[in-house]
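Q: Make a model of this:
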Amino acid sequence: QVQLVESGGGLVQAGGSLRLSCAASGRTFSMAWFRQAPGKERDFVASINWSGGSTNYDGSVKGRFTIFRDNAKNTVYLQMSSLIPADTAVYYCAAGALLGPRANQNEYRYWGQGTQVTVSS
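A: Next up, the predicted model:
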């Protein structure tokens with residue numbers, strides 16, 4: 001059983017930056033970030049494979065967000081820049097025994113509790 005704990009959420013003005021962290025209690029393979037805005041379904045944001053050499057981004061965040069990991073710390077990060085109000089959501093970290101950086105949330109077995117990100121205009 002792997003436990004995931006997110007941190008780093010908060011309130012930021014549009015155009016600002018935030019870095020989310022997700023610490024895993026054990027070794028993981030592919031990891032990802034998803035987000036859920038109020039009244040909407042949970043959507044894919046970004047994912048990364050075990051080595052960190054392969055990443056995948058949703059088109060809405062490509063060029064603004066960067067996912068990376070530190071396997072020595074069992075931690076994955078999401079650096080978010082040029083934030084816009086549409087990025088407001090609860091952000092969830094996920095992990096799974098996957099070979100690649102997948103975007104399908106059904107393929108991820110472990111989930112964190114989520115961290116709120118609010119971007120004000």
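
Q: So which residue is dead centre in this protein?
A: residue 33 (2.3 Å; Cα atoms, centre = their mean).

Q: Mind listing the residues bridging to that one?
A: Taking DSSP bridges as the rule, residue 33 bridges to residue 46, residue 93.

Q: all strands in the chain, in order from the N-terminus.
A: 4-7, 10-13, 18-24, 30-36, 42-48, 55-57, 65-70, 75-80, 89-96, 110-111, 115-120 (DSSP state E).

Q: what sits against the residue nearest to the centre of the chain?
A: 20, 22, 45-47, 67, 76, 78, 91-94 (Cβ atoms under 8 Å, 6 or more residues apart in numbering). Just so you know, the C-beta spots here come from the backbone N, C-alpha and C atoms, and that holds for glycine as well.

Q: re earlier: between the strands of the chain, which one is nearest to residue 103?
A: Closest of these to residue 103 is strand 42-48, at 4.3 Å (criterion: Cβ to Cβ).

Q: List the buried residues in the closest one.
A: For strand 42-48, the neighbour count (16 or more other Cβ atoms under 10 Å) marks 42, 44-48 as buried.

Q: need the residues you listed in CSV with distance to residue 15 and pLDDT, can you?
A: Shown next, in CSV, are the buried residues of strand 42-48 (distance: Cβ to Cβ, whole Å; pLDDT from 0 to 100):
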residue, distance to residue 15, pLDDT
42, 25, 97
44, 24, 98
45, 19, 98
46, 20, 98
47, 25, 97
48, 25, 97
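
Q: Quickly check those for the two that are furthest apart.
A: Using Cβ to Cβ, the pair of those lying farthest apart is 42 and 48, separated by 18.1 Å.

Q: And the spatially closest residue to residue 109 that is not a sequence neighbour, how far from residue 117?
A: The shortest distance from residue 109 to any non-neighbouring residue, by Cβ to Cβ, 6 or more residues apart in numbering, is to residue 96 (4.9 Å). Applying Cβ to Cβ, to the nearest Å, the value for residue 96 to residue 117 is 22 Å.
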